[in-house]
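Q: from the sequence below, what's the structure:
(4 chains)
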Number of protein chains: 2
Amino acid sequence: MKKDKKTEDTIKQVARAMFIQKGFTGTTTREIASEAGTNLALVNYYFRSKEQLFKQIMLESLHEFFESVVDIFNDNNTTLEIKLERLVERYIDQLTQHPDIPMFILSEIRSNPEIFFKEFLKGTKIRQTVLFNQLTTHLKEKQKQKINPIHIMMNVMSMTLFPFIVKPMISQVTEMPEHEYQALMQERKKLIPMWVKQMVN
Amino acid sequence: MKKDKKTEDTIKQVARAMFIQKGFTGTTTREIASEAGTNLALVNYYFRSKEQLFKQIMLESLHEFFESVVDIFNDNNTTLEIKLERLVERYIDQLTQHPDIPMFILSEIRSNPEIFFKEFLKGTKIRQTVLFNQLTTHLKEKQKQKINPIHIMMNVMSMTLFPFIVKPMISQVTEMPEHEYQALMQERKKLIPMWVKQMVN
DNA sequence: GTCTATATTCTGATAGAC
DNA sequence: GTCTATCAGAATATAGAC
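A: Numbers count the residues shown, from 1 in each chain, chains lettered A, B, ... in the order given. As a prediction, the model looks like this:
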């Protein structure tokens, strides 16, 4: 049972890449098996069904994507400014390595919203985070109560994540080589926190 | 031939709604036919194939989405500031009515990138627009040559479009009722141009 | 133009030999 | 654990009657 994990791991690794690239419906078990150098009977032998396999991979992706910043959101020992810098930096670093994850998550939410929230996102409440409270307080102190803090959170996430979501389009429309695009993303680590600071001061 | 367009139009209208909501692979011709009150033979009679039908609808959606702002991008008689205001306002108005269009386009690009650029986006070059040139000049005048104007364009598009792309998620994570979300989007018509102005001055 | 019936292909899943 | 063969269902597309 614990003897030979090689085939199982290969299947999962291949499935992960294909699901992330082409989604659940865009991927067939036969393709996964073939790419993993085996047959579809083994895919079902190890993972019971395509859906089970998919759920494992989606759960891991969500974990990677959200859990990696939860500690930043709820750190009691850092200022708002530091939190924003760390948040942006961590996301850009992570997305540089795995740029397809956000689109993967968004696409699957789109094609299966109900199941998604029941199964995966059970109680993620941004209003209850330390970061959100610090932001609310800060806006009050600066006499900017009229600006809903949700706007600022949206802006941070927008400016950080959106460029990765539209990456395939940007490359086309701006005629930009890969390394130049990467360099831009690195610049944004410093720029986004600066822009956000201007918004809230 | 030009006598009775009713059935054809109904099929197309139904197909449009379903494709935009569930994508190409997520939609079946049988569903389209059934929803349109007919059978799948007629779908193929009028549109030859599922793919042909889809291409028509995607082309129209892209046209709606891009063509609607081309005139703003290339207006020779407005300032940079006015252009930004109009761009944001037009997109937010349009997306308030059709919030699923961006995700529709992005999803289909993801599942079929090659065909997409060959077939649909043949030569959209943002660097050659009047807006882009005005922005470049403005940054120079303000001694901000170090900031690539692409950053600013990305920010405008990010802050405007991203909230609609993640709408299903936002509603869940922030526990926000629909009308409140709509109100926020309306506020952003004024806020985004203001924030962008701060960035470039 | 419209419909029923059917051909064809593809996909997820399982049975059963080794 | 691994493979071949096969089933069951669904989907696109078309043939042919009206």
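
Q: tell me the helix or strand right after whichever strand or helix holds A:D93.
A: Element membership for A:D93 (DSSP states H and E) is helix A:80-97. Remark: after helix A:80-97, the chain's next helix or strand is helix A:101-111, criterion DSSP H and E.

Q: now tell me what touches the helix holding A:D93 from outside.
A: Residues from elsewhere that reach helix A:80-97, judged by C-beta atoms under 8 Å, 6 or more residues apart in numbering or on different chains: A:64-65, A:68-69, A:72-73, A:75, A:78, A:101-102, A:130-131, A:134-135, A:138, A:156, A:160-161, A:164, A:182, A:185-186, A:188-189, A:192-193, A:196-197. Just so you know, the C-beta spots here come from the backbone N, C-alpha and C atoms, and that holds for glycine as well.

Q: and the angle from it to helix A:101-111?
A: 90 degrees (axes from the mean of the first three to the mean of the last three C-alpha atoms, to 10 degrees).

Q: tell me how far helix A:80-97 lies from the chain's centre.
A: The chain centroid and the centroid of helix A:80-97 are separated by 12 Å, computed with C-alpha atoms, centre = their mean, to the nearest Å.

Q: and the helix or strand that contains A:M159, how far from the chain's centre?
A: Using DSSP H and E, A:M159 falls within helix A:149-165. How far helix A:149-165 lies from its chain's middle: 12 Å, per C-alpha atoms, centre = their mean.

Q: how about whichever helix or strand comes after that helix: buried residues?
A: Remark: after helix A:149-165, the chain's next helix or strand is helix A:167-174, criterion DSSP H and E. Going by neighbour count (16 or more other C-beta atoms under 10 Å in any protein chain shown), the buried part of helix A:167-174 is A:167-170, A:172-174.

Q: does helix A:167-174 reach chain B?
A: Yes: using C-beta under 8 Å from any C-beta of the partner chain, helix A:167-174 reaches chain B at A:168-170, A:172-174.

Q: buried residues in the helix-or-strand element of chain A with minimal mean pLDDT?
A: Lowest on mean pLDDT, DSSP states H and E among the helices and strands of chain A sits helix A:113-119, with a mean of 82. Buried residues in helix A:113-119, counted by 16+ other C-beta under 10 Å: A:116-117.

Q: next one: stretch A:97-104
A: Across stretch A:97-104, burial judged by 16+ other C-beta under 10 Å covers A:99-104.

Q: convert the C-alpha atoms of that stretch to PDB, please.
A: Listed next in PDB are the C-alpha coordinates belonging to stretch A:97-104 (Å, rounded to 0.1, in the frame of the first residue of the first chain):
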ATOM      1  CA  GLN A  97       5.900  30.700 -10.400                       C
ATOM      2  CA  HIS A  98       2.300  29.600 -11.000                       C
ATOM      3  CA  PRO A  99       0.600  32.200 -13.200                       C
ATOM      4  CA  ASP A 100      -2.300  30.000 -14.100                       C
ATOM      5  CA  ILE A 101      -3.700  29.400 -10.700                       C
ATOM      6  CA  PRO A 102      -6.100  32.400 -10.400                       C
ATOM      7  CA  MET A 103      -7.700  31.800 -13.800                       C
ATOM      8  CA  PHE A 104      -8.000  28.100 -12.900                       C
END
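
Q: mean confidence score for it?
A: Stretch A:97-104 shows a mean pLDDT of 96.
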